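Student: Give me a model of this one.
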Amino acid sequence: MLRFAAAFPSRSRSYVQTSTDIFNSRSHAAQTSQSLVDTIYSPRARLILEFTPANSNTGQKLPVAIEKSFAPFTSAVVLLVQPLNGPFPSRMILKLNDRRCGNRGYDSSDLPWYPSVEPVLYKNLREILRGARENGFKCLGGTVPRYGIVRTEGWEKEIEVWGEKARAWRTEVRAYHLLQSLQGTVIPRFFGPVKLPLRAPPAMHAVNDFVPGMLLEYLDAPSLEDVKVGVDVTTTQAECISQNILDCVEHWDIRLGNILL
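Tutor: As a prediction, this is how the structure comes out:
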(Lines give C-alpha, C1' and ligand atoms only; values in the text may rest on other atoms or scores of the structure.)
Protein backbone atom coordinates (compact mmCIF):
# COMPACT_ATOMS: atom_id res chain seq x y z
CA MET A 1 0.00 0.00 0.00
CA LEU A 2 1.35 3.42 -0.91
CA ARG A 3 1.25 5.52 2.19
CA PHE A 4 0.80 9.10 1.12
CA ALA A 5 0.85 10.16 -2.49
CA ALA A 6 -1.01 9.84 -5.76
CA ALA A 7 0.63 8.65 -8.97
CA PHE A 8 0.85 10.92 -11.97
CA PRO A 9 0.94 9.84 -15.63
CA SER A 10 4.40 9.92 -17.11
CA ARG A 11 5.23 12.86 -19.33
CA SER A 12 7.24 12.89 -22.51
CA ARG A 13 10.47 14.84 -22.23
CA SER A 14 12.24 16.86 -24.89
CA TYR A 15 15.37 17.34 -22.79
CA VAL A 16 18.04 15.20 -21.24
CA GLN A 17 18.90 15.35 -17.55
CA THR A 18 22.34 14.46 -16.32
CA SER A 19 22.87 12.86 -12.94
CA THR A 20 24.62 16.06 -11.82
CA ASP A 21 21.61 18.21 -12.82
CA ILE A 22 19.24 16.00 -10.87
CA PHE A 23 21.54 15.81 -7.86
CA ASN A 24 21.98 19.59 -7.65
CA SER A 25 18.26 20.21 -8.08
CA ARG A 26 17.30 17.68 -5.43
CA SER A 27 20.04 18.96 -3.09
CA HIS A 28 18.57 22.49 -3.20
CA ALA A 29 15.10 21.07 -2.56
CA ALA A 30 16.36 18.97 0.35
CA GLN A 31 18.07 22.01 1.93
CA THR A 32 14.88 24.06 1.65
CA SER A 33 12.76 21.26 3.09
CA GLN A 34 15.17 20.84 5.98
CA SER A 35 15.11 24.56 6.79
CA LEU A 36 11.33 24.43 7.06
CA VAL A 37 11.49 21.16 9.03
CA ASP A 38 13.71 22.98 11.51
CA THR A 39 11.19 25.82 11.85
CA ILE A 40 7.45 25.54 11.17
CA TYR A 41 7.45 21.77 10.57
CA SER A 42 9.63 20.78 13.53
CA PRO A 43 8.47 18.22 16.13
CA ARG A 44 6.35 19.71 18.93
CA ALA A 45 5.47 22.72 16.77
CA ARG A 46 1.77 23.56 16.55
CA LEU A 47 -0.22 24.39 13.44
CA ILE A 48 -3.70 25.90 13.23
CA LEU A 49 -5.50 24.27 10.31
CA GLU A 50 -8.70 25.25 8.53
CA PHE A 51 -10.30 21.81 8.35
CA THR A 52 -13.40 20.78 6.39
CA PRO A 53 -14.67 17.27 7.20
CA ALA A 54 -15.19 14.96 4.25
CA ASN A 55 -18.73 15.19 2.82
CA SER A 56 -19.25 18.54 4.54
CA ASN A 57 -19.07 22.18 3.52
CA THR A 58 -18.62 23.54 7.03
CA GLY A 59 -15.07 24.39 8.00
CA GLN A 60 -13.56 24.62 11.46
CA LYS A 61 -10.30 25.56 13.14
CA LEU A 62 -8.25 22.52 14.13
CA PRO A 63 -5.02 22.91 16.11
CA VAL A 64 -2.54 20.05 15.78
CA ALA A 65 0.85 19.28 17.31
CA ILE A 66 3.58 17.81 15.12
CA GLU A 67 4.98 14.54 16.44
CA LYS A 68 7.22 13.62 13.51
CA SER A 69 8.09 14.83 10.01
CA PHE A 70 8.69 12.23 7.30
CA ALA A 71 11.66 14.04 5.80
CA PRO A 72 13.18 14.42 3.29
CA PHE A 73 9.99 15.67 1.66
CA THR A 74 9.30 14.65 -1.91
CA SER A 75 6.01 15.50 -3.64
CA ALA A 76 4.48 16.86 -0.43
CA VAL A 77 5.13 17.63 3.22
CA VAL A 78 4.08 14.62 5.31
CA LEU A 79 3.70 14.95 9.07
CA LEU A 80 2.51 12.73 11.90
CA VAL A 81 0.32 14.99 14.03
CA GLN A 82 -1.79 14.86 17.16
CA PRO A 83 -5.12 16.73 16.95
CA LEU A 84 -5.63 18.91 20.04
CA ASN A 85 -9.42 18.82 19.97
CA GLY A 86 -12.36 17.17 18.24
CA PRO A 87 -13.48 13.55 17.77
CA PHE A 88 -10.36 12.35 15.97
CA PRO A 89 -7.88 9.52 16.38
CA SER A 90 -4.98 10.38 18.67
CA ARG A 91 -2.57 10.38 15.71
CA MET A 92 -3.18 11.34 12.09
CA ILE A 93 -1.23 12.01 8.92
CA LEU A 94 -1.18 15.60 7.71
CA LYS A 95 -0.16 15.92 4.07
CA LEU A 96 0.53 19.45 2.78
CA ASN A 97 1.17 20.37 -0.86
CA ASP A 98 3.59 23.13 0.08
CA ARG A 99 5.15 24.78 -2.99
CA ARG A 100 8.21 25.69 -0.92
CA CYS A 101 9.22 22.10 -0.17
CA GLY A 102 10.30 18.90 -1.86
CA ASN A 103 10.19 18.32 -5.60
CA ARG A 104 9.35 21.58 -7.35
CA GLY A 105 9.50 20.60 -11.01
CA TYR A 106 10.02 17.94 -13.64
CA ASP A 107 13.29 19.26 -15.00
CA SER A 108 16.79 20.22 -13.96
CA SER A 109 16.01 23.95 -14.11
CA ASP A 110 14.23 23.46 -10.82
CA LEU A 111 14.66 26.73 -8.91
CA PRO A 112 14.81 26.35 -5.12
CA TRP A 113 12.56 28.43 -2.88
CA TYR A 114 14.03 31.21 -0.79
CA PRO A 115 12.18 33.45 1.72
CA SER A 116 13.33 36.55 -0.20
CA VAL A 117 11.15 35.59 -3.19
CA GLU A 118 7.90 36.07 -1.25
CA PRO A 119 7.73 39.92 -1.29
CA VAL A 120 8.55 39.89 -5.03
CA LEU A 121 5.88 37.24 -5.63
CA TYR A 122 3.32 39.27 -3.68
CA LYS A 123 4.06 42.43 -5.68
CA ASN A 124 3.88 40.78 -9.11
CA LEU A 125 0.86 38.64 -8.24
CA ARG A 126 -1.01 41.73 -7.09
CA GLU A 127 -0.21 43.48 -10.38
CA ILE A 128 -1.45 40.47 -12.37
CA LEU A 129 -4.72 40.33 -10.42
CA ARG A 130 -5.22 44.10 -10.90
CA GLY A 131 -4.58 43.79 -14.64
CA ALA A 132 -1.44 45.92 -14.45
CA ARG A 133 0.73 43.02 -15.66
CA GLU A 134 0.06 40.49 -18.41
CA ASN A 135 -1.27 37.18 -17.10
CA GLY A 136 0.56 34.38 -18.92
CA PHE A 137 -0.23 31.73 -16.30
CA LYS A 138 -2.83 29.11 -17.11
CA CYS A 139 -3.22 28.25 -13.42
CA LEU A 140 -4.29 31.88 -12.81
CA GLY A 141 -6.81 31.83 -15.65
CA GLY A 142 -4.49 33.54 -18.10
CA THR A 143 -3.66 32.67 -21.69
CA VAL A 144 -0.32 30.98 -22.23
CA PRO A 145 1.32 31.81 -25.60
CA ARG A 146 1.25 29.01 -28.14
CA TYR A 147 4.96 28.30 -27.85
CA GLY A 148 5.07 28.72 -24.11
CA ILE A 149 7.16 30.99 -21.93
CA VAL A 150 10.64 30.47 -20.54
CA ARG A 151 10.38 31.29 -16.84
CA THR A 152 13.52 33.00 -15.64
CA GLU A 153 12.28 34.83 -12.55
CA GLY A 154 11.91 33.17 -9.16
CA TRP A 155 8.42 34.58 -8.57
CA GLU A 156 7.26 33.11 -11.90
CA LYS A 157 8.52 29.70 -10.83
CA GLU A 158 6.56 29.99 -7.58
CA ILE A 159 3.30 30.45 -9.47
CA GLU A 160 4.03 27.50 -11.73
CA VAL A 161 4.95 25.25 -8.82
CA TRP A 162 1.81 26.33 -6.97
CA GLY A 163 -0.27 25.41 -10.01
CA GLU A 164 1.24 21.90 -10.12
CA LYS A 165 0.89 21.38 -6.37
CA ALA A 166 -2.71 22.62 -6.38
CA ARG A 167 -3.59 20.36 -9.31
CA ALA A 168 -2.06 17.36 -7.55
CA TRP A 169 -3.98 18.19 -4.37
CA ARG A 170 -7.33 18.49 -6.20
CA THR A 171 -6.69 15.21 -8.03
CA GLU A 172 -5.94 13.33 -4.84
CA VAL A 173 -8.93 14.77 -2.99
CA ARG A 174 -11.20 13.69 -5.85
CA ALA A 175 -9.61 10.23 -5.83
CA TYR A 176 -10.34 9.76 -2.14
CA HIS A 177 -13.96 10.80 -2.65
CA LEU A 178 -14.34 8.36 -5.55
CA LEU A 179 -12.74 5.55 -3.54
CA GLN A 180 -14.75 6.17 -0.40
CA SER A 181 -15.88 2.53 -0.16
CA LEU A 182 -12.23 1.40 0.03
CA GLN A 183 -11.21 3.77 2.81
CA GLY A 184 -10.19 2.14 6.05
CA THR A 185 -9.54 -1.20 4.38
CA VAL A 186 -7.62 -1.01 1.09
CA ILE A 187 -6.55 2.63 1.39
CA PRO A 188 -6.21 4.99 4.38
CA ARG A 189 -9.29 6.80 5.60
CA PHE A 190 -9.63 10.36 4.29
CA PHE A 191 -10.85 12.73 7.01
CA GLY A 192 -11.04 15.82 4.82
CA PRO A 193 -9.12 18.67 3.15
CA VAL A 194 -7.29 21.34 5.11
CA LYS A 195 -5.72 24.74 4.56
CA LEU A 196 -2.67 26.00 6.43
CA PRO A 197 -2.78 29.82 6.38
CA LEU A 198 0.46 31.50 5.36
CA ARG A 199 -0.42 35.10 6.02
CA ALA A 200 -2.95 37.19 7.89
CA PRO A 201 -6.10 38.49 6.15
CA PRO A 202 -7.05 40.16 3.92
CA ALA A 203 -6.61 37.30 1.50
CA MET A 204 -5.30 37.98 -2.00
CA HIS A 205 -4.84 34.64 -3.76
CA ALA A 206 -4.30 30.99 -2.86
CA VAL A 207 -0.76 31.16 -4.28
CA ASN A 208 0.52 32.90 -1.18
CA ASP A 209 -2.45 32.81 1.21
CA PHE A 210 -2.43 29.17 2.29
CA VAL A 211 -1.02 25.68 1.76
CA PRO A 212 -3.62 23.07 0.67
CA GLY A 213 -3.53 19.67 2.30
CA MET A 214 -5.49 16.80 3.80
CA LEU A 215 -5.81 14.71 6.93
CA LEU A 216 -5.43 10.95 6.52
CA GLU A 217 -5.54 7.88 8.69
CA TYR A 218 -2.22 6.96 10.27
CA LEU A 219 -1.27 3.33 9.63
CA ASP A 220 1.16 2.04 12.21
CA ALA A 221 2.56 -0.78 10.10
CA PRO A 222 6.01 -1.95 8.92
CA SER A 223 7.27 -0.67 5.61
CA LEU A 224 9.50 -2.20 2.97
CA GLU A 225 12.29 -0.20 4.56
CA ASP A 226 12.09 -2.57 7.54
CA VAL A 227 12.29 -5.73 5.45
CA LYS A 228 15.47 -7.53 4.42
CA VAL A 229 15.32 -8.79 0.85
CA GLY A 230 16.11 -12.49 0.56
CA VAL A 231 16.23 -12.65 -3.24
CA ASP A 232 19.35 -11.88 -5.26
CA VAL A 233 18.97 -10.16 -8.61
CA THR A 234 21.59 -8.92 -11.02
CA THR A 235 22.11 -5.24 -11.73
CA THR A 236 20.79 -5.76 -15.26
CA GLN A 237 17.60 -7.37 -13.95
CA ALA A 238 17.10 -4.59 -11.41
CA GLU A 239 17.54 -1.91 -14.08
CA CYS A 240 15.05 -3.68 -16.35
CA ILE A 241 12.44 -3.84 -13.57
CA SER A 242 13.03 -0.19 -12.69
CA GLN A 243 12.66 0.92 -16.30
CA ASN A 244 9.36 -0.93 -16.63
CA ILE A 245 8.07 1.00 -13.64
CA LEU A 246 9.29 4.34 -15.03
CA ASP A 247 7.58 3.64 -18.35
CA CYS A 248 4.23 3.34 -16.59
CA VAL A 249 3.99 6.14 -14.03
CA GLU A 250 5.92 9.02 -12.62
CA HIS A 251 5.59 8.96 -8.87
CA TRP A 252 7.81 11.11 -6.69
CA ASP A 253 7.05 9.19 -3.51
CA ILE A 254 7.99 5.66 -4.52
CA ARG A 255 10.41 5.01 -1.69
CA LEU A 256 10.77 1.98 0.55
CA GLY A 257 9.55 3.94 3.56
CA ASN A 258 6.33 4.89 1.77
CA ILE A 259 5.18 1.35 0.99
CA LEU A 260 3.44 -0.40 3.87
CA LEU A 261 3.00 -4.12 4.28
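
Student: Neighbours of H177, how many?
Tutor: Per other Cβ atoms under 10 Å, the neighbour tally for H177 reads 12. In this view, the C-beta of every residue, glycine as well, is placed from N, C-alpha and C.

Student: Which is the succeeding secondary structure element to the helix or strand hosting it?
Tutor: Element membership for H177, per DSSP states H and E: helix 154-178. Going down the chain from helix 154-178, the next helix or strand is strand 190-197, by DSSP H and E.

Student: just checking, what packs against the helix holding H177?
Tutor: The contact analysis (3 or more Cβ pairs under 8 Å, 6 or more residues apart in numbering; DSSP states H and E) places helix 154-178 against helix 117-130, strand 190-197, helix 206-209, strand 210-217.

Student: Spatially central residue for the protein, please.
Tutor: The chain has A76 as the residue nearest its centroid, 2.5 Å off, counting by Cα atoms, centre = their mean.

Student: what comes into contact with the lengthiest strand in the chain?
Tutor: Ranked by residue count, the top strand of the chain under DSSP state E comes out as strand 60-69. Taking contacts as Cβ atoms under 8 Å, 6 or more residues apart in numbering, the residues outside strand 60-69 that touch it are 37, 41-53, 77-86, 91-92, 94, 194.

Student: and the gap between the residue nearest to the centre of the chain and L94?
Tutor: Counting by Cβ to Cβ, to the nearest Å, the gap from A76 to L94 is 10 Å.

Student: Equivalent analysis for T185, please.
Tutor: 22 Å.

Student: Compare the two and say which is more crowded by neighbours.
Tutor: Higher neighbour count among T185 and L94: L94, with 27 against 8, using other Cβ under 10 Å.

Student: Any idea what that one is bridged to?
Tutor: In this entry, L94 is beta-bridged to L79, L215, by DSSP bridges.

Student: Give me the pLDDT value at it.
Tutor: We note a pLDDT of 98 for L94 in this prediction.

Student: residue contacts, P53?
Tutor: For P53, the contact set (Cβ under 8 Å, 6+ apart) comprises Q60, F191, G192.

Student: Neighbours of the first one, how many?
Tutor: The tally of other residues near Q60 (other Cβ under 10 Å) stands at 13.

Student: Narrow the contacts of strand 60-69 to just the buried residues.
Tutor: Buried members of the contacts of strand 60-69, counted by 16 or more other Cβ atoms under 10 Å: 37, 41, 45, 47, 49, 51-52, 77-83, 92, 94, 194.

Student: What part of the protein, helix or strand, is modelled with the least confidence?
Tutor: Among the helices and strands of the chain, strand 8-9 carries the lowest confidence by mean pLDDT, DSSP states H and E, at a mean of 35.

Student: Among the contacts of P53, find me the one that's closest to L121.
Tutor: Closest approach between those and L121, by Cβ to Cβ: G192, at 28.4 Å.

Student: got a list of what the closest one touches?
Tutor: Applying Cβ under 8 Å, 6+ apart to G192 gives the contacts F51, T52, P53, A54, S56, M214, L215.

Student: Recalculate using a threshold of 6 Å.
Tutor: Residues near G192 by Cβ atoms under 6 Å, 6 or more residues apart in numbering: T52, P53, A54.

Student: Could you check the pLDDT of the nearest residue to the first one once chain neighbours are set aside?
Tutor: Using Cβ to Cβ, 6 or more residues apart in numbering and skipping residues adjacent in sequence, the residue nearest T52 is G59, 4.5 Å away. For G59, the model assigns a pLDDT of 88.

Student: now swap in the one 3 residues further on and tell me
Tutor: According to the model's per-residue confidence, L62 sits at a pLDDT of 96.
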